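> here's my sequence, what's the structure:
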Amino acid sequence: MDILWNALLVSFVINMVMFLVAYKLQSDRLTDISYATTFFVLSMYGLSISNKSFFHIVLFLLIALWAIRLGGFLLYRVVRVGKDTRFDKMRSSFVKFGWFWVIQATTVWVLMIASLFAFLSTTEPSLLWIAGLLVAVMGLAIESIADMQKFRFSSNPKNKGKWIDEGLWHYSRHPNYLGEIMMWTGVYLYVATSLTMHEAVLGAVSPLFILLMLLFVSGVPILEKNSDKKWGDLAAYRKYKASTSPLLILPKKSNR
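This is a model prediction of the structure:
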């Protein structure tokens, strides 16, 4: 269990240092860098204490690639846009802004629990790791494509005040969240059979946490509420919402 407490300490040190700098500068640019960097550092830490088998190297590369892609995209987006409106009501408050970073540090740690156990494992995984790797790679691809499609749509002045209904977003209202859930579910499946029963049960918190957070707490509910507030009075939006899957990428429902 030492690896978990060490990782928690590292996660908090990174995020608290970044928080103090971000608060001093009143900047949004470090929040997402810190999030992605913490994943990268924890995966490097895990690899450094593993026996560096092919299984461990692939696990590291999977998490590192996801972190670099997400961090790079979010940094590019906030630089282009100028600020992250999520922090408008908390940026100037030491306590409120700091609490966000505490939650962020904890979130990274929880999502890494199963992977951290796996880095210490010397047990050969069953063929389930292949399925897990495929699910994770598909999730990474879906999240990457969805993020880029929405960013390009939002960056086009012609689309100001419109909701996106093209690309993956034509078949799902939140394909980026689907990709994220698939990524961490795939990582868990990749490592599960290399873990002890106790570790596998505790590690299941990782995919369950991101699933519950995105579907019921900070992801879908907030965006759906904001979208309903913006466009809920429009018949075209209500038709779009009724015909489009909230998460899974599925054909449009008939409105007849």
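
> residue 40 touches residue 65, doesn't it?
No. Applying C-beta atoms under 8 Å as the test, residue 40 and residue 65 come out as separate, 9.7 Å apart. C-beta here means a position set from N, CA and C on the backbone, and glycine is covered the same way.

> for residue 245, give me phi and psi.
Backbone torsions of residue 245, given as degrees, to the nearest 10, read phi -60, psi 140.

> what pLDDT is listed against it?
Residue 245 carries a pLDDT value of 97.

> spit out the contact partners of the residue sitting nearest the centre point of the chain.
Among the residues of the chain, the one closest to the centroid is residue 180, at 5.0 Å (C-alpha atoms, centre = their mean). Each residue near residue 180 by C-beta atoms under 8 Å, 6 or more residues apart in numbering is listed here: 139, 143, 210, 214.

> out of these, give me the one that has the most neighbours.
Neighbour counts for the contacts of residue 180 peak at residue 143, which has 24 neighbours (criterion: other C-beta atoms under 10 Å).

> which parts of the helix or strand encompassing that one are buried?
Taking DSSP states H and E as the criterion, residue 143 maps to helix 128-155. If you call a residue buried by 16 or more other C-beta atoms under 10 Å, then helix 128-155 has these buried ones: 129, 132-133, 135-137, 139-140, 142-144, 146-147, 149-150, 153.

> that older thread, so how far is residue 146 from the residue nearest to the centre of the chain?
Separation of residue 180 from residue 146 (C-beta to C-beta, to the nearest Å) stands at 10 Å.

> what do you get for residue 30?
With distances taken as C-beta to C-beta, residue 30 is found 24 Å from residue 146.

> cool, and residue 52?
For residue 52, the distance to residue 146 - C-beta to C-beta - is 33 Å.

> now do residue 193
According to C-beta to C-beta, residue 193 and residue 146 sit 30 Å apart.

> next: residue 14.
For residue 14, the distance to residue 146 equals 27 Å [C-beta to C-beta].

> residue 65 now?
Relative to residue 146, and taking C-beta to C-beta, residue 65 is found at 16 Å.

> remind me which helix or strand the residue nearest to the centre of the chain belongs to.
Element membership for residue 180 (DSSP H and E) is helix 175-192.

> and for whatever helix or strand comes next after that helix, what are the contacting residues?
Next in sequence after helix 175-192, counting helices and strands by DSSP H and E, comes helix 197-203. Contact with helix 197-203 is made by 113, 114, 117, 118, 121, 188, 191, 192, 195, as judged by C-beta under 8 Å, 6+ apart.

> which parts of helix 197-203 are buried?
199, 200, 202, 203.

> and what of stretch 50-69?
Buried, per 16+ other C-beta under 10 Å, within stretch 50-69: 50, 55, 56, 59, 60, 62, 63, 64, 65, 66, 67.

> which one of those is nearest residue 19?
residue 67 (18.7 Å; C-beta to C-beta).

> lovely, talk soon.
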